[in-house]
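Trainee: Structure here, sequence nowhere to be found:
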């Protein structure tokens, strides 16, 4: 890190760079040098991509039932670079969810939420919920047949929540059914409420990471090795070491997003038509498990099961302490095996999602 | 991995991203251009320059609106320029009978329904049209006829050629024409009747010294659908497709048809607006994909929410059930099984060409085709019953009002109770309005499910005028002419005679009906519906 005196550019900036650097720099464990430790930062950088592209789309998007579909068609077909911005926004959402899953996978298999770090985990689960909320509301703004009916179906699912279902549905749809105000509500959620929530939970997440430090994975022997390495080489720095790793992974992912955006540009279906119910109403790929769950079981049971799954995820650090800590330590549940299993699972899931997305009713 | 290695990776990835974005910038230019590239061909570049917004030699463009409309058209994208339509092909460039440079002679055998178009020759040579002029080194005409459109749209032009639309101006000699031109006055006919039916375009002063020819102002401008063009052909494609955008989309909209199919004598647009079809159309227009390119707007595939005029009368229909589907047709009568225009409705017969080719199906075939449209959204049983209701309404008009009124009016003419001059007496107007206004409104209302036009604007007025004005006036005029007794007998025989005619039953009520007679009348009415169904 160059000092203020050494670098003319730094001298020109009226900020205490060294002081800022000291504050930004976080001594990290050497174990986090692995590429897998970059996904959290990549999610944040992808959110920036979404924010910038979303802002550009907002220049043209008109959140009115009569104009929404037309404005997206205009963005896609007429506005200069509109097709690219929209495609990046769409693929960026997909990769944000994938990166988030990979980040959670790493945290999960290394047990990084342990030793009092449950607050970081809980903030992370809220980030997951907010991200999925952003994905859903973004999908609804296209106002084509599938997005229109997906909102209808989601409203009906919410109505199944015991006691407060009716109120939830009314809040979600801005009325008893989809009406003029529903799209405005989706847009407000997508472009204002949820991004603000994401920033708040993101800052909380970072705050807890700084406050509680990063977890040292492995058993006593691994921890001892880590201490010795730190004593010998000093700590592994967040800036610039880890940040550059995150930036490299992000740039690679962004390049992939660019290629995908050029080859598989964002599409749109027929305009929303309240008079024609499509034979299949499919959500985006990350909601497929819930979609199929609700086809298999009655609505109330499905909602209850989703509630249980969500609750288990939120309170996982506590469940883990009760159920697995001792067993896990004894089995030496290692990072490599967990990552392998998780990645294979994700690959299968994506393959299934592709088949599902291109199959009947797609 | 060291810091240097990471920096190299980041640099390489950043360069790769910049290269990809550079490629996007390059293709974006292509993307935008390819999407909507107006092709201005070299032979039309001068026209676009002078008539468009650019202007010429410091002067503003002459007709920027025309060029802007053309730029917005599919023609502009497909490379169809000004000269493709306004340019006159040289002799020998194509067969003379197809070349709009030469005048043709149209003939229409009303018995067989066959139309023919033959090349007009003088001294063995084809005759050139009178409105060709040399303009900036090119030979052009202003009046673009369907023969020009046929150079690319051959099938559409042929269908249109065989249609009644194409011969809409051939009503000369009819009472409507006499009414407009003489009873009302020439300006009424020129600015009224002809603007829908079409004028006979005349050149009043040929082109001279580079100046354009002058079209007779009583005949031009005109976009009447049956216009007789200066090349002798009939018809105007821009009547529905609106120059200079020539849009399929505009022709699909009911408003286009409503320019002419409206008003007291044939209020089709008003009836459509009143009907469930019109209500559904206005409600669902945003979802009907009405702006898809020409020929691709298929009922049952691209839309099902509501029909427009073109849906039922012309539009393509996707296969469904046992139906094979229908192609788009520009023969607007191809699915009409009653002609509701004349004094007494008839079922139009089919037209078979001299080569044995079916040009137009008979009424059963036409009805079967229309029913293919209906059954996209309605069950066959529903459609069958609708047609029973429709047939019954037409029969009611024909038998109760159309035929007796025509017979009585004819009797008055024959007995010279009325003079031979058309439309100069109150009785002429009364009779004319009976069939031409009220009678048509009732029939059209029934055909398109506009209940108020069937009843209050239709049969109510027919009934009121027939019983309280037409019949009393007929008797009064006959009395004045000293033929009162003959007229009385004729009316009695026509309305109440024992000739076994259906309409005899319809007029019994005027003499009062007992309870039993009323019941018998209603039973008979019900039976006629049932028998028609069978």
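Mentor: Structure's in. What do you need? Everything quoted here is computed from the prediction, not taken from an experiment.

Trainee: mind listing what the residue of the stretch 251-362 of chain A found nearest chain B touches?
Mentor: Relative to chain B, the nearest point of the stretch 251-362 of chain A is residue A:251 (3.8 Å; CB to the nearest CB). Using the backbone N, CA and C atoms, a C-beta is placed for each residue, glycine as well. By CB atoms under 8 Å, 6 or more residues apart in numbering or on different chains, the residues touching residue A:251 are B:10, B:13, B:14, B:17.

Trainee: Surely the second one touches residue A:255?
Mentor: Yes. Counting by CB atoms under 8 Å, a contact exists between residue B:13 and residue A:255, whose distance comes to 6.0 Å.

Trainee: Mind jotting down where the helices sit in the stretch 251-362 of chain A?
Mentor: In order along the chain, the stretch 251-362 of chain A carries the following helices (DSSP state H, counting those that start in this stretch): A:288-296, A:299-314, A:316-323, A:325-331, A:335-358.

Trainee: Now distance to chain B and mean neighbour count too, for those helices, in JSON lines please.
Mentor: As requested, the helices of the stretch 251-362 of chain A are exported to JSON lines (distance: least, CB to the nearest CB, whole Å; neighbours: other CB atoms under 10 Å in any protein chain shown):
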{"stretch": "helix A:288-296", "distance to chain B": "25", "mean neighbour count": "14"}
{"stretch": "helix A:299-314", "distance to chain B": "28", "mean neighbour count": "14"}
{"stretch": "helix A:316-323", "distance to chain B": "32", "mean neighbour count": "14"}
{"stretch": "helix A:325-331", "distance to chain B": "30", "mean neighbour count": "11"}
{"stretch": "helix A:335-358", "distance to chain B": "18", "mean neighbour count": "13"}
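
Trainee: Go through those helices and find the least confident stretch.
Mentor: For the helices of the stretch 251-362 of chain A, the weakest mean pLDDT is recorded on helix A:325-331, namely a mean of 54.

Trainee: What is the neighbour count of residue B:401?
Mentor: Neighbourhood size, residue B:401 [other CB atoms under 10 Å in any protein chain shown]: 26.

Trainee: Confirm residue A:161 sits in a strand?
Mentor: No. Assessed with DSSP: H, G, I helix; E, B strand; the rest coil, residue A:161 is coil; it does not lie in a strand.

Trainee: counting contacts, what elements does the helix or strand hosting residue A:136 pack onto?
Mentor: Residue A:136 belongs to helix A:118-141 when assigned by DSSP states H and E. In terms of contacts (3 or more CB pairs under 8 Å, 6 or more residues apart in numbering or on different chains; DSSP states H and E), helix A:118-141 is packed against helix A:39-58, helix A:82-110, helix A:145-159, helix A:180-188, helix A:194-212, helix A:299-314, helix A:316-323.

Trainee: hmm, the fourth one touching chain B?
Mentor: No. Under the criterion of CB under 8 Å from any CB of the partner chain, chain B is not reached by helix A:180-188; the shortest gap measures 13.5 Å.

Trainee: Let's test this: mean pLDDT of that helix, rounded?
Mentor: Mean predicted lDDT for helix A:180-188 stands at 92.

Trainee: now the strands: where do they sit in the stretch 101-250 of chain B?
Mentor: Assigned by DSSP state E, counting those that start in this stretch, the stretch 101-250 of chain B shows strands spanning B:104-108, B:115-119, B:121-122, B:125-126, B:133-135, B:138-140, B:203-205, B:214-215.

Trainee: Out of these, the one nearest residue B:252 is which?
Mentor: strand B:115-119 (26.1 Å; CB to CB).

Trainee: Can you give the strand pairings for the closest one, parallel or anti for each?
Mentor: strand B:104-108 (antiparallel) (DSSP bridges).

Trainee: Quick check: which ranges of chain A have low pLDDT?
Mentor: Within chain A, the segments meeting pLDDT under 70 span A:1-6, A:217-218, A:325-334, A:359-362.

Trainee: Chain B contacts on that one?
Mentor: A:33, A:66, A:77-78, A:80-81, A:83-84, A:240-241, A:244-245, A:247-248, A:251-252, A:254-255, A:258-259, A:262, A:270-273, A:275-276.

Trainee: so what's residue B:272 up against?
Mentor: B:254, B:258, B:278, B:281, B:309, B:448, B:450.

Trainee: what about the third one, which helix or strand?
Mentor: Going back to what we said before, that points to residue B:278. helix B:276-284.

Trainee: So that helix, near chain A or not?
Mentor: Yes. Judged by CB under 8 Å from any CB, helix B:276-284 comes into contact with chain A through residue B:284.

Trainee: So which bits of stretch B:383-390 are buried?
Mentor: B:383, B:386, B:387, B:388, B:390 (16 or more other CB atoms under 10 Å in any protein chain shown).

Trainee: Sorry, slip of the keys, the one I care about is stretch A:61-77.
Mentor: Buried residues in stretch A:61-77 (16+ other CB under 10 Å): A:61, A:62, A:63, A:65, A:68, A:69, A:71, A:72, A:75, A:76.

Trainee: In three-state terms, label the fourth one for me.
Mentor: Using three-state DSSP, the three-state assignment for residue A:65 comes out as coil.

Trainee: For residue B:215, list the residues it contacts.
Mentor: B:131, B:142, B:143, B:201, B:202, B:203, B:204, B:230.

Trainee: try residue B:520
Mentor: Residue B:520 neighbours (CB under 8 Å, 6+ apart): none.
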